[in-house]
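Engineer: sharing a sequence plus its predicted fold:
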Amino acid sequence: MHATKFVHLPRPGPVTKGLGVVAGITVISFAAAWAFEQHRRREQIRVLASMPGAASIFPALRAHSEMVLSQFGVGLPLEPNNPRP
């Protein structure tokens, strides 16, 4: 019977381990940013839903919700790169 030979790969070096750590941190950062944007969008929808008459102007609000809400003086969590003047 034929014996099966296994290929033994060398252990990963410090550069490979470092790249793995950087890749893991990058993935976690992207996931956190995506979750934060989802939270902001839900908060916008909650604020819009509490406004009377928002359903009739919803198509316009969908495109420019942050601008319209700021005109009404409604506060929303700010984007990190978009501070309020």
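Structural biologist: Received the coordinates, thanks.
Engineer: check which residues of the helix or strand harbouring Leu19 are buried.
Structural biologist: Per DSSP states H and E, Leu19 falls inside helix 14-50. In terms of neighbour count (16 or more other C-beta atoms under 10 Å), helix 14-50 has its buried residues at 44, 47-48. Bear in mind the C-beta positions are built from the backbone N, C-alpha and C, glycine included.
Engineer: how about the residues you listed in TSV, adding pLDDT and distance to Gln38?
Structural biologist: Output for the buried residues of helix 14-50, formatted as TSV (pLDDT from 0 to 100; distance: C-beta to C-beta, whole Å):
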residue	pLDDT	distance to Gln38
Gln44	81	11
Val47	80	15
Leu48	74	16
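Engineer: which strands and helices lie in contact with the helix holding Leu19?
Structural biologist: Contact here means 3 or more C-beta pairs under 8 Å, 6 or more residues apart in numbering; DSSP states H and E; on that basis helix 14-50 packs against helix 58-71.
Engineer: quick one: mean pLDDT for the helix it packs on?
Structural biologist: Taken as a whole, helix 58-71 carries a mean pLDDT of 64.
Engineer: low-confidence ranges in the protein?
Structural biologist: Scanning the chain for pLDDT under 70 picks out 1, 53-85.
Engineer: how about 80 then?
Structural biologist: 1-7, 9, 45, 48-85 (pLDDT under 80).
Engineer: give me phi/psi at Phe6?
Structural biologist: phi -100, psi 140 (degrees, to the nearest 10).
Engineer: tell me how many other residues crowd it.
Structural biologist: 5 (other C-beta atoms under 10 Å).
Engineer: just the one 3 residues further on next, same as before
Structural biologist: Around Leu9 sit 6 other residues, with neighbours defined as other C-beta under 10 Å.
Engineer: for Val15, see how far away it is.
Structural biologist: Look at Leu9 and Val15: by C-beta to C-beta, to the nearest Å, they are 15 Å apart.
Engineer: what of Arg42?
Structural biologist: 41 Å.
Engineer: adding distance to Phe30, write the buried residues of helix 14-50 out as JSON lines.
Structural biologist: JSON lines is the format used below for the buried residues of helix 14-50 (distance: C-beta to C-beta, whole Å):
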{"residue": "Gln44", "distance to Phe30": "21"}
{"residue": "Val47", "distance to Phe30": "26"}
{"residue": "Leu48", "distance to Phe30": "27"}
